[in-house]
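K.L.:
Please work out how this folds:
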Amino acid sequence: MTRQFSAIACALFALFASLTPAVPAFAASASRLVDDRTTTSDAFQKLLAEEDFAAIEKLADRLRTQKKRAIDGLWEISLLYPAAHINSNDAVDADFEAELALMQKWKAAFPASITRPVAEATILTTYAWKARRDGLASTVNDHGRTLFNERIARAKQILDEAARQPTRCIHWYAAMQTIAIAQNWPRAAYDDLFNQAIQLEHSYETTYFRKAHYLLAHGYGAPGEAAQFADEATRLHPGGMEIYARIVWSQIHAYSGDFFATSGYSWEKTKAGFEALLAATPQSAQNLQAYAYFACRVKDRDLARDLFKKIDGQEAIVSIWGNHGYFEQCRRWALWQKKQP
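P.N.:
Residues are numbered from 1 along each chain as shown. Next comes the predicted model:
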């Protein structure tokens, strides 16, 4: 199978799976949806800056036990951990060291926390990729490779120690999935990790995104296996076809050209997934714009026109479109509008 996967995208997707899609119809009944998907991450960053670790512990415990979801349907706990570190290409070593020092203060205050080690491992994993400069293994110098391996090993040690805590967090498995890729775990070990995560919570989308990334982007799967996994996910995840669209969404920005021909995923199944997704999360601008993005990528003008009529008045979500220019280009194409001078 031809793979047009960039090194930077590889690192970003391994860390965050972060263009992560939306959620299932059962979400609304499972818990009340919040109005803003940034509420959790903003609150967490504020509490972390204030070193209010007690409030963080209460917040994370509430999100886990209530399985709270944001308006786009994602688990709010999945939005918390990326907020633990500086997500910027301009971040320097001192930024990461300051974050890790803060983790030690948190550990001293709450030694039995499950949230802190998952956050700390996430920081270390990001710090490791920085040492590699987001490059392929063959392009990394000896010093960068040593730092990468040391930081990844340290992150794994922290997670292994956290596994002995009485409280469990579903994102622990997602963090370990990233480490499994970094350490080139054998396929059987990776599958065992995924199966443990599903047994604990089969509705946590990030777990699925990371396995799809493992199979497709890193080539651990045979040709077509990532698409087969997406089919299997629709039977494992309570949201059914919604998880298919979400998995595809988590992959598409890493590939150029004819994505569906290259990846082996089905556009018809993806479309069905998005239709179910919009029905489940009718107030989500994130999911609506993602569907429109796909319609533009596959040149389905009729579908794009219908979606852009619904998008009318919304600002472009840059994490979906890449930039405002592409959003405007697709909008004009869908609505047959000429570019203004």
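K.L.:
any weak-confidence spans in the stretch 1-150 of the chain?
P.N.:
1-38, 134-140 (pLDDT under 70).
K.L.:
so where's the stretch 151-300 of the chain uncertain?
P.N.:
Residues of the stretch 151-300 of the chain that meet the cut-off, pLDDT under 70, sit at 217-218.
K.L.:
80 instead, please
P.N.:
Applying pLDDT under 80 to the stretch 151-300 of the chain flags the ranges 217-219, 253-257.
K.L.:
all helices of it, in order?
P.N.:
Along the stretch 151-300 of the chain, counting by DSSP state H, counting those that start in this stretch, helices occupy 171-182, 187-200, 205-216, 225-236, 241-252, 259-263, 267-280, 285-297.
K.L.:
and those helices as TSV, adding mean neighbour count and distance to Asp306?
P.N.:
In short, each C-beta sits where N, CA and C put it, glycine included. Output for the helices of the stretch 151-300 of the chain, formatted as TSV (neighbours: other Cβ atoms under 10 Å; distance: least, Cβ to Cβ, whole Å):
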stretch	mean neighbour count	distance to Asp306
helix 171-182	24	34
helix 187-200	15	35
helix 205-216	27	26
helix 225-236	18	24
helix 241-252	27	17
helix 259-263	18	20
helix 267-280	19	11
helix 285-297	23	9
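K.L.:
now the ones you listed in JSON lines, with distance to Asp52?
P.N.:
Compiled in JSON lines, those are given as follows (distance: least, Cβ to Cβ, whole Å):
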{"stretch": "helix 171-182", "distance to Asp52": "21"}
{"stretch": "helix 187-200", "distance to Asp52": "28"}
{"stretch": "helix 205-216", "distance to Asp52": "26"}
{"stretch": "helix 225-236", "distance to Asp52": "37"}
{"stretch": "helix 241-252", "distance to Asp52": "32"}
{"stretch": "helix 259-263", "distance to Asp52": "43"}
{"stretch": "helix 267-280", "distance to Asp52": "34"}
{"stretch": "helix 285-297", "distance to Asp52": "29"}
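K.L.:
Go through those and name the closest to Gln165.
P.N.:
Judged by Cβ to Cβ, the one of the helices of the stretch 151-300 of the chain that comes nearest to Gln165 is helix 171-182, at 9.4 Å.
K.L.:
ok, the closest residue to Ala189 other than its chain neighbours - contacts?
P.N.:
Counting by Cβ to Cβ, 6 or more residues apart in numbering, the nearest residue to Ala189 once its immediate chain neighbours are dropped is Ala180, at 7.0 Å. Contacts for Ala180 (Cβ atoms under 8 Å, 6 or more residues apart in numbering) come out as Ala189, Tyr190, Leu193, Tyr214.
K.L.:
now these in a markdown table, with distance to Phe53?
P.N.:
Converted to a markdown table, these look like this (distance: Cβ to Cβ, whole Å):
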| residue | distance to Phe53 |
| --- | --- |
| Ala189 | 33 |
| Tyr190 | 33 |
| Leu193 | 28 |
| Tyr214 | 33 |
